[in-house]
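Student: Sequence below, structure please.
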Amino acid sequence: MTTGVPVWAELFPNEDYQFRFGIRAGSPQRFFGVQNPSGEMIAERRRWLRDTPAHTLVYKPDAALMIAETVRHAIRWNTVSAEDTKKMPDDRDAPALIRWLGEAWESDFLLLAAPAGGEYVLQAGCVCFPSSWHPEEKLGRPLSEIHDPVPGLNAKLGDRISQFLARIKPDTGWERANWGLSRSPELNQHPTRILSKLIPPFRADDIWVRIEYQIFYRLPETGGVLFGIRLLNLPLPELMLCQSASIGLHRALATMPEPIAIYKNLSQGREQLLKLLSA
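Tutor: You can find the predicted model right below:
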């Protein structure tokens with residue numbers, strides 16, 4: 001990237017909208033490590049885990065070994081504080097372990113497994129900051145079914161995603177990112193919260209760009225995949241200060257197929273957003 005241009009600007013190239021996979025080598029130690037030293041993000045995660053565990057924690061008994069392995073890696077990577085390590089539950093108590101890790105990490109995470117070499121299935125996870133989806137409704141479902149509500153995604157990238165997951169070598173991580181827009185600054189946008197929609201009228205400072213940084217890591221012992229999600233909530237006016245990103249976002253919105261705009265809750269506000277980005 002050119003000096004002075006934010007790293008996230010690369011997500012908004014001056015190109016027509018399309019599904020992008022955009023994978024690159026990544027570090028789980030960096031990804032799951034502390035990036036919010038104030039502790040505010042951890043505090044908010046713990047609040048949602050306390051108040052809405054049914055929406056936040058998902059778990060199948062078959063995931064017990066993957067959960068225990070993930071916890072061992074979290075400690076080996078030094079991504080869990082010494083204080084939290086002292087409070088770690090018995091490694092045979094999988095439900096308690098996954099909650100403990102959800103309270104210790106700033107990132108959301110999911111655990112995927114491919115039974116008998118078949119399609120990857122969601123087996124467990126902790127998602128405190130979902131972007132308008134129900135984690136609890138996806139438990140036990142294969143990726144193709146999880147992605148099915150996204151118009152055209154399976155047709156465009158389904159096979160590529162499956163092949164990529166199958167090829168990840170043990171003890172390696174790969175990162176990518178995607179974006180969405182919201183009228184709410186809330187990190188937790190679970191559908192049950194009924195937050196403000198992107199319906200005009202609105203101003204630029206009413207809008208937030210939700211950037212999801214993601215990592216895929218092959219667990220070497222169980223063969224499962226650890227999928228991490230780290231959220232960056234960016235005010236639209238801040239993005240608009242970067243001319244290249246503003247131009248790229250405008251073009252993406254202008255060329256986004258209507259079914260995708262509807263899925264992303266952008267259809268009603270698209271014209272207003274384009275006017276704001278053109279100002």
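
Student: Okay, and the most centrally placed residue in the chain sits in which element?
Tutor: With distances taken as CA atoms, centre = their mean, the residue of the chain nearest its centroid is Ile229 (3.4 Å). Using DSSP states H and E, the secondary-structure element containing Ile229 is strand 225-235.

Student: swap in Pro259?
Tutor: Secondary structure from DSSP H and E places Pro259 in helix 258-263.

Student: Centre of the chain to that helix, how far?
Tutor: When distances are taken as CA atoms, centre = their mean, to the nearest Å, helix 258-263 is centred 20 Å away from the chain's centroid.

Student: Ok, stretch 36-46 next?
Tutor: On the basis of CA atoms, centre = their mean, stretch 36-46 sits 17 Å off its chain's mean C-alpha point.

Student: got the contact list for it?
Tutor: Residues outside stretch 36-46 that contact it (CB atoms under 8 Å, 6 or more residues apart in numbering): 102-106, 128-129, 187-188. Quick note: C-beta positions are derived from backbone N, CA and C, even for glycine.

Student: Show only the entries of those found in helices.
Tutor: For those, membership in helices holds for 102-104, with DSSP state H as the criterion.

Student: closest to Pro259 among those residues?
Tutor: Taking CB to CB as the measure, Gly102 is the one of the ones in helices among the contacts of stretch 36-46 closest to Pro259, at 33.4 Å.

Student: Quick check, that closest one in contact with Arg50.
Tutor: No - using CB atoms under 8 Å, Gly102 and Arg50 do not qualify as a contacting pair, with a distance of 10.9 Å.

Student: Among those two, which residue is more densely surrounded?
Tutor: Of the pair Gly102 and Arg50, Gly102 is the one with more neighbours under other CB atoms under 10 Å, namely 22 against 11.

Student: Who are the contact partners of the residue nearest to the centre of the chain?
Tutor: Listed by CB under 8 Å, 6+ apart, the contact partners of Ile229 are 107-110, 127, 129, 212-214.

Student: Swap in 7 Å and give it another go.
Tutor: 107-108, 212, 214 (CB atoms under 7 Å, 6 or more residues apart in numbering).

Student: Which stretches in this structure count as helices?
Tutor: Counting by DSSP H, the chain forms helices over residues 28-32, 40-51, 53-56, 64-76, 82-86, 94-104, 135-138, 143-147, 153, 159-167, 236-240, 243-255, 258-263, 270-278, given from the N-terminal end onward.

Student: any chance of those helices in CSV, plus mean pLDDT and distance to Ile199?
Tutor: Compiled in CSV, these are given as follows (pLDDT from 0 to 100; distance: least, CB to CB, whole Å):
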stretch, mean pLDDT, distance to Ile199
helix 28-32, 96, 35
helix 40-51, 97, 26
helix 53-56, 96, 24
helix 64-76, 96, 40
helix 82-86, 92, 41
helix 94-104, 96, 33
helix 135-138, 95, 25
helix 143-147, 89, 26
helix 153, 85, 25
helix 159-167, 88, 32
helix 236-240, 98, 16
helix 243-255, 98, 15
helix 258-263, 95, 13
helix 270-278, 97, 9
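
Student: Tell me which of those lies nearest to Pro201.
Tutor: With CB to CB as the criterion, Pro201 lies closest to helix 270-278 of the helices of the chain, at 7.0 Å.

Student: So which bits of the closest one are buried?
Tutor: By neighbour count on 16 or more other CB atoms under 10 Å, the buried set for helix 270-278 is 270, 272-273, 276-277.
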